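Asker: I would like the atomic coordinates for the input below:
(one chain, ligands or ions: 3)
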Amino acid sequence: MPSKGRLSEIAEELLSQAGLKYRRQNRGLFARVSGLPIDIIFLRTDDIPTLCAEGAIDMGVTGSDLVEESGYGVSDNASPIETRMQLGVGRCRLAICIPDDSEFKSAKDLDTKRIATSFPTVTKTYLAAHHATSHLVSLSGSVEVMIGLGVADAIVDLVETGSTLAANRLRILEEIGSYETVLIQGKNCRDKETADRVVRRLEGVVIARDYSLLEYNILRSKLAAAEAITPGFNSPTVNSLEDSDWCSIRVMVKRKEVIDAMEKLEALGASAIMETAISNCRL
Ligand SMILES: Nc1ncnc2c1ncn2[C@@H]1O[C@H](COP(=O)(O)OP(=O)(O)OP(=O)(O)O)[C@@H](O)[C@H]1O
Ligand SMILES: O=P(O)(O)OC[C@H]1O[C@H](OP(=O)(O)OP(=O)(O)O)[C@H](O)[C@@H]1O
Ligand SMILES: [Mg+2]
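Answerer: Ligands and ions are numbered 1, 2, ... in the order given. The predicted structure follows:
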């Protein structure tokens with residue numbers, strides 16, 4: 001688990017919702033999960049891919065950007081780590097950024113220019129693919145101020161809301177990739193059965209966060225049209241009502257699609273449409 005920083009909070013909340021309970025004392029670096037054969041080690045987020053690849057840890061929560069930067073992320077059989085799950089949180093983009101008033105038009109224009117970044121490997125690969133060889137200045141943080149300091153002509157850094165860029169009068173030239181928090185597993189994981197249990201538990205939480213349960217009543221004659229609006233995970237559950245012309249539906253719907261689905265169902269004549277949040281599930 002990440003020992004500090006934004007991913008530490010994200011990971012703590014996910015594990016707790018998945019019922020993996022542990023007590024971390026005074027920002028200690030080690031904790032034991034109650035009732036499961038799992039020990040947690042708190043490490044720097046950016047060291048987690050390497051330590052998993054080296055077999056020091058069996059699984060880890062980290063950013064997919066850091067997995068890619070570590071060089072261990074290539075998904076082929078020789079890779080010492082695999083991404084078991086995308087956790088649906090910590091979403092961000094890695095982008096080449098330049099001053100608001102810069103005249104650079106594309107990555108190619110950065111050939112022979114100076115680029116400050118905490119992602120030298122990913123940056124180098126991207127630039128090479130775009131026929132640019134730049135001088136990379138590798139730093140571990142506060143990259144956005146480097147253009148102002150005269151250290152670089154452009155930067156490659158993570159962007160989430162874009163507020164740090166705006167505050168430093170920078171804009172995105174090109175996006176290199178989109179990333180999120182992931183659960184990784186080492187190839188020589190010592191207890192694959194427990195690893196699978198962790199994955200199943202986290203899946204329950206991650207899917208539940210993404211989906212709501214929608215219930216509504218609909219005329220049987222409109223069932224096919226309603227199913228087209230809310231197809232569900234496999235298919236909706238259909239129950240009979242006292243009035244045999246009607247039926248009641250229970251179905252999983254992506255949270256961000258619920259309002260839209262509700263409107264369409266209402267227009268179709270559905271009634272008693274209700275959304276319920278799911279806190280955990282097994283599908
Ligand atoms: N706005 C963001 N900025 C940076 N990283 C983000 C952002 N949103 C999500 N992330 C993810 O968080 C990871 C960094 O996590 P970390 O736990 O090191 O947090 P941090 O708050 O950046 O810590 P630090 O104080 O060491 O910079 C990134 O690699 C990325 O995957
Ligand atoms: O688009 P935004 O929402 O503004 O987020 C992006 C900023 O957040 C991160 O910095 P962080 O807070 O981790 O500080 P750091 O540079 O010290 O790592 C990242 O390196 C960007 O600077
Ligand atoms: Mg940071």
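Asker: On the strand side of things, show who residue 274 bridges to.
Answerer: On the basis of DSSP bridges, residue 274 is bridged to residue 215.
Asker: what do you get for residue 159?
Answerer: residue 93.
Asker: for it, what are its contacts?
Answerer: 92, 93, 94, 95, 97, 165, 172 (CB atoms under 8 Å, 6 or more residues apart in numbering). All C-beta spots, glycine's among them, are computed from the backbone N, C-alpha and C.
Asker: what does the domain assignment say about this structure?
Answerer: 6-90+180-190, 92-179, 211-277 (automatic domain parsing).
Asker: who wins for proximity to ligand 2 among these?
Answerer: domain 92-179 (3.2 Å; CB to the nearest ligand atom).
Asker: Can you give me the end-to-end span of stretch 101-118?
Answerer: With CA to CA, to the nearest Å as the measure, stretch 101-118 spans 24 Å from end to end.
Asker: show me where the stretch 1-150 of the chain has strands.
Answerer: 30-32, 39-41, 59-63, 81-86, 92-99, 114-117, 135-138 (DSSP state E, counting those that start in this stretch).
Asker: what's the average pLDDT for the helix ranked longest in the chain?
Answerer: Under DSSP state H, the helix in the chain containing the largest number of residues is helix 192-210. Averaged over helix 192-210, pLDDT sits at 96.
Asker: Contacts made by it with the rest, please.
Answerer: So helix 192-210 is contacted by 14-15, 17-20, 36-38, 58-59, 84-85, 87-88, 183, 185, 189, 254-255, 278-283 (CB under 8 Å, 6+ apart).
Asker: let's go with 6 Å and repeat that
Answerer: With contacts defined as CB atoms under 6 Å, 6 or more residues apart in numbering, helix 192-210 is touched by 17-18, 37, 59, 84-85, 87-88, 185, 189, 278-282.
Asker: circling back to that earlier point, Serialize the domains of the chain to TSV and add fields for distance to ligand 2.
Answerer: Putting the domains of the chain into TSV (distance: least, CB to the nearest ligand atom, whole Å) gives the following:
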stretch	distance to ligand 2
domain 6-90+180-190	7
domain 92-179	3
domain 211-277	20
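Asker: re earlier: looking at the strands of the stretch 1-150 of the chain, which is closest to residue 24?
Answerer: Of all these, strand 30-32 sits nearest to residue 24, with 4.8 Å by CB to CB.
Asker: Show me which positions of that closest one end up buried.
Answerer: residue 31 (16 or more other CB atoms under 10 Å).
Asker: Pairing partners for it, with directions?
Answerer: Counting by DSSP bridges, strand 30-32 is paired with strand 39-41 (antiparallel).
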